[in-house]
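S.K.: got a sequence here, can you model it:
(chains A, B and C)
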Amino acid sequence: VIRRIGLARLVLVADLGGTFLFALEGATIACRAGLDLLGVVVIGFVAALGGGIVRDVLLGAVPPAAVKDSTYPMVTLAGSAVALAVVGAGGAVPAEVVTVLDAAGLALFAVTGVQKALVRGIGPFGVVLMGTVTAVGGGMVRDVLLAQVPVVLRADFYATAAVLGGAAILLVRRAGLSLQVASGVGGAVCFGTRMAAVAWGWHLPLVG
Amino acid sequence: VIRRIGLARLVLVADLGGTFLFALEGATIACRAGLDLLGVVVIGFVAALGGGIVRDVLLGAVPPAAVKDSTYPMVTLAGSAVALAVVGAGGAVPAEVVTVLDAAGLALFAVTGVQKALVRGIGPFGVVLMGTVTAVGGGMVRDVLLAQVPVVLRADFYATAAVLGGAAILLVRRAGLSLQVASGVGGAVCFGTRMAAVAWGWHLPLVG
Amino acid sequence: VIRRIGLARLVLVADLGGTFLFALEGATIACRAGLDLLGVVVIGFVAALGGGIVRDVLLGAVPPAAVKDSTYPMVTLAGSAVALAVVGAGGAVPAEVVTVLDAAGLALFAVTGVQKALVRGIGPFGVVLMGTVTAVGGGMVRDVLLAQVPVVLRADFYATAAVLGGAAILLVRRAGLSLQVASGVGGAVCFGTRMAAVAWGWHLPLVG
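M.R.: Down below sits the predicted model:
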């Protein structure tokens, strides 16, 4: 029981951590786009919670947790506030810190999305899709609101890491192992391939 | 009973009025964007009903009233037709009229959104969010379809008025007053702060 | 019974055919937008299935078939793969073939959308809207993700054909004929007006 509580708490902490970081990242990008104070806060909110909201709407889990429960929005406000303070002080969050935390958020959101999809009896493609939408959907909505082609579609081995992580969960489950083990493996695959992509400059080929 | 019917009719008239005006406004903006006839009608529809549709989807109230009931779409068609007629005649709706009616629509949509969210047992942040989404969501989708950063994120004390109106409803409710009174206060706060913002040139600070 | 099975199979083949073609078309457009491999696949998926997904969300039919069932996503992958192979080989799908197949996909998706909306007891405007959203929604999301004003709003007699096809179904139903007959007439109206528009260069008037 103690271990189970420990695990649930770990997941919650990680989930809130990913939310905080994606809000911080989104708000930092918004600060460079000439928005006003409210615009920055909205972009921080959308970047952190947009993927989960789209997933919940597609799975019929409405109202989404991000709307129903005030904890998540408050965490995004904190992330946006930190971004505003850092940018206002003329500073910047170190790029290495952002990269590692961002990869962690990506892996965590991908795992969460796959878990929520698995209990709804949908096909393997849909399960991986829900993981990927959770992980990269917020960033896509953020970029659409900034009137840009989502960066995830243009370059970088990023969404691909979420796809690989989701596929890994399905494969490990099919091998008969528990969801906990599968989730751990899937998260590690997503985090690992993303970090490797950054370290060695992996990119998917550009087309056309 | 008579007073109650009067109130319900007033709310319905105001709701349809807000729908008409937001469609008129959206279609007017679309006329300047080089769209064809259908494009103008679509933008008018989206600008007027997009916020309420997003809210209904997030709250699980599907099909949204704007899809189920033909009255609302027909009102948006009327609003778009007036915009096309005015623009076609080389004219323009007087800016003062638009400003007052737009602030009224904003207040009304914010109140409606908060009311619908309150009956679903969601947290205070989500309630204010639903009011704000109802009020400004249509305009955001309109701007996204026109490939522009939503004006509400860039400048102007606009969505902020909807946030303040929604927060006022929650505060008045917590003070133990009825939803009717709270809605009246919230609507007045939204309308009043928006009109004051226009009169005195209030803006949120730009960032970055 | 044999005829019924034949009809259901025909509809399924046509539906999968429309999905394949819209994915092929979307991926071809994405190839010219400087995306990476994943971006092209995502645009192909969105272009083919986005309209149906939005319709299902609005009608409360979640998870949407396109998420639940892996057949549709796999067909979009096939469409995107063909687009990548043709573009990679420096070739292009003949424009006449694309035009005919695209008009067929448009008609089919419009009919499917109207059918799904009719069984939910929504008003005539909403029914036509659901048909049109199914037919042109995917292309609109595709263009939004490419940071462009949806082509369907700017020019061309395209969504209008879907509106006419949907309206035709309602009229034939009101005349007391079966849904099968009405669907056939509606599909023919949509396909016919679209092909006529291409043949004779019909456009809706531009505004402004």
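S.K.: all contacts plus neighbour counts: C-alpha atoms, from now on.
M.R.: Will do.
S.K.: name the residues of chain A found near chain C, please.
M.R.: Within chain A, the positions lying close to chain C (Cα under 8 Å from any Cα of the partner chain) are A:57-60, A:121-126, A:129, A:144, A:147-150, A:152-155, A:159-160, A:204-208.
S.K.: among those residues, which ones lie close to chain B?
M.R.: A:57, A:60, A:144, A:147.
S.K.: could I get the phi/psi values of the last one?
M.R.: Okay, so that is residue A:147. The phi/psi pair for residue A:147 (degrees, to the nearest 10) reads phi 60, psi 40.
S.K.: hmm, which of the residues of chain A next to chain C are the buried ones?
M.R.: Neighbour counting over the residues of chain A next to chain C (16 or more other Cα atoms under 10 Å in any protein chain shown) leaves A:57-60, A:122-126, A:129, A:144, A:147-150, A:152-155, A:159-160, A:204, A:206-208 as the buried ones.
S.K.: just the ones of the ones next to chain B among the residues of chain A next to chain C in helices?
M.R.: The members of these that map onto helices under DSSP state H are A:57, A:144.
S.K.: and the ones next to chain B among the residues of chain A next to chain C, which two are furthest apart?
M.R.: Checked with Cα to Cα, these reach their widest spread between A:60 and A:147, with 28.3 Å between them.
S.K.: the residue positioned nearest the centre of chain A and residue B:131, how far apart?
M.R.: Against the mean C-alpha coordinate of chain A, by Cα atoms, centre = their mean, the closest residue is residue A:135 at 3.4 Å. Shown here: residue A:135 relative to residue B:131, a distance of 27 Å by Cα to Cα, to the nearest Å.
S.K.: in space, what's closest to residue A:106 - neighbours in sequence excluded?
M.R.: With sequence-adjacent residues excluded and distances taken as Cα to Cα, 6 or more residues apart in numbering or on different chains, residue A:106 is closest to residue A:135, at 5.2 Å.
S.K.: pretty sure that neighbour is touching residue A:107, no?
M.R.: Yes - using Cα atoms under 8 Å as the test, residue A:135 is close enough to residue A:107 to be in contact (7.4 Å).
S.K.: now the common contact residues for those two.
M.R.: residue A:162 (Cα atoms under 8 Å, 6 or more residues apart in numbering or on different chains).
S.K.: would you mind naming what in chain A lies close to chain B?
M.R.: Within chain A, the positions near chain B by Cα under 8 Å from any Cα are A:31-40, A:42, A:57, A:60, A:62-64, A:66-70, A:73, A:87-88, A:144-147.
S.K.: check contacts around the residue nearest to the centre of chain A.
M.R.: Neighbours of residue A:135 in contact, by Cα under 8 Å, 6+ apart: A:51-52, A:105-110, A:113, A:159, A:162.
S.K.: most widely separated two among these?
M.R.: Checked with Cα to Cα, the contacts of residue A:135 reach their widest spread between A:52 and A:159, with 15.0 Å between them.
S.K.: neighbouring contacts of the strand or helix carrying residue A:165?
M.R.: Using DSSP states H and E, residue A:165 sits in helix A:159-174. With Cα under 8 Å, 6+ apart as the test, helix A:159-174 has contacts from A:106-107, A:110-111, A:114, A:124, A:127-129, A:131-132, A:135-136, A:152, A:179, A:181-183, A:185-191, A:193-194, C:38.
S.K.: buried set for that helix?
M.R.: Under 16+ other Cα under 10 Å, the buried positions of helix A:159-174 are A:159-170, A:172-173.
S.K.: helix or strand right after it?
M.R.: Toward the C-terminus, helix A:159-174 is succeeded by helix A:179-200 as the next helix or strand (DSSP H and E).
S.K.: mind listing what's buried along that following helix?
M.R.: Residues of helix A:179-200 classed as buried: A:182-195, A:197-198 (neighbour count, 16+ other Cα under 10 Å).
S.K.: pull the CA atoms of it into PDB?
M.R.: C-alpha atoms of helix A:179-200 as PDB (Å, rounded to 0.1, in the frame of the first residue of the first chain):
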ATOM      1  CA  LEU A 179       0.600  -1.700 -17.300                       C
ATOM      2  CA  GLN A 180       3.000  -0.200 -14.700                       C
ATOM      3  CA  VAL A 181       6.000  -1.900 -16.300                       C
ATOM      4  CA  ALA A 182       4.700  -1.100 -19.800                       C
ATOM      5  CA  SER A 183       4.300   2.600 -18.800                       C
ATOM      6  CA  GLY A 184       7.800   2.700 -17.400                       C
ATOM      7  CA  VAL A 185       9.300   1.200 -20.500                       C
ATOM      8  CA  GLY A 186       7.200   3.500 -22.800                       C
ATOM      9  CA  GLY A 187       8.100   6.600 -20.800                       C
ATOM     10  CA  ALA A 188      11.800   5.600 -20.900                       C
ATOM     11  CA  VAL A 189      11.600   5.000 -24.700                       C
ATOM     12  CA  CYS A 190      10.000   8.400 -25.300                       C
ATOM     13  CA  PHE A 191      12.400  10.300 -22.900                       C
ATOM     14  CA  GLY A 192      15.400   8.400 -24.200                       C
ATOM     15  CA  THR A 193      14.800   8.800 -27.900                       C
ATOM     16  CA  ARG A 194      14.000  12.500 -27.400                       C
ATOM     17  CA  MET A 195      17.200  13.100 -25.500                       C
ATOM     18  CA  ALA A 196      19.200  11.100 -28.000                       C
ATOM     19  CA  ALA A 197      17.600  13.100 -30.800                       C
ATOM     20  CA  VAL A 198      18.800  16.400 -29.100                       C
ATOM     21  CA  ALA A 199      22.200  15.000 -28.300                       C
ATOM     22  CA  TRP A 200      23.000  13.700 -31.800                       C
END
